[in-house]
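Make a model of this:
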Amino acid sequence: MWQVEIHPEVYEELEQTRAWYEKNLAGLGSGFLDEVDKAITTIRRAPEAWPFYVGDVRRFLVHRFPFAVLYRCAETKIQIFAVMHLHRKPGYWKKRKF
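This is a model prediction of the structure:
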């Protein structure tokens, strides 16, 4: 199975989003993190199954939430660049490097 490498800024994105959802409805923040975890598990099983988004970066849409996991396959690694909101600040993640 593929090894997953997550960009450090993704953790901050996840926490901010979890806190926002949790503030609006108890339990929804945990639900968001669960769906992201399921998305990453699914990507690990078949990372090349999802379409290219920009260049060699692929996009997996998160179930139930308007977010996508943006990642690249590099040898035996999956490099996750962002968990991006689909309607805010497109392209902000492009400066991130591994």
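
if you skip the residues just before and after it, what's nearest to the residue minimising distance to the centre of the chain?
Note on the chain: the residue nearest the mean C-alpha position is residue 69, at 2.5 Å, using C-alpha atoms, centre = their mean. Among residues not flanking residue 69 along the chain, residue 60 sits closest, at 4.5 Å (C-beta to C-beta, 6 or more residues apart in numbering). C-beta here means a position set from N, CA and C on the backbone, and glycine is covered the same way.

so where does that neighbour fall, helix or strand?
If you go by DSSP states H and E, residue 60 is part of strand 57-61.

residues contacting the residue of the chain positioned farthest from its centre?
Computed with C-alpha atoms, centre = their mean, the maximum C-alpha offset from the centroid of the chain is found at residue 26, amounting to 22.1 Å. For residue 26, no residue counts as a contact, taking C-beta atoms under 8 Å, 6 or more residues apart in numbering as the criterion.

Same check on residue 35?
Taking C-beta under 8 Å, 6+ apart as the test, what residue 35 contacts is 62-65.

Go ahead and build a ChimeraX selection from the buried members of those.
In ChimeraX, this line selects whichever of the contacts of residue 35 come out buried by 16 or more other C-beta atoms under 10 Å:
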select :62,65
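
Out of the contacts of residue 35, which is nearest to residue 85?
residue 65 (8.8 Å; C-beta to C-beta).

Please look at residue 93 and residue 70 and confirm they touch.
Yes. Contact criterion C-beta atoms under 8 Å: residue 93 and residue 70 qualify, at 6.1 Å.

in the chain, which spans are helices?
Secondary structure of the chain, counting by DSSP state H: helices at 8-24, 28-45.

List the buried residues in the longest one.
Buried residues in helix 28-45, counting neighbours by 16+ other C-beta under 10 Å, are found at 29, 32-33, 36, 39-40, 43.

quick one, that helix and helix 8-24 angle?
With axes from the mean of the first three to the mean of the last three C-alpha atoms, to 10 degrees defining the directions, helix 28-45 sits at 140 degrees from helix 8-24.
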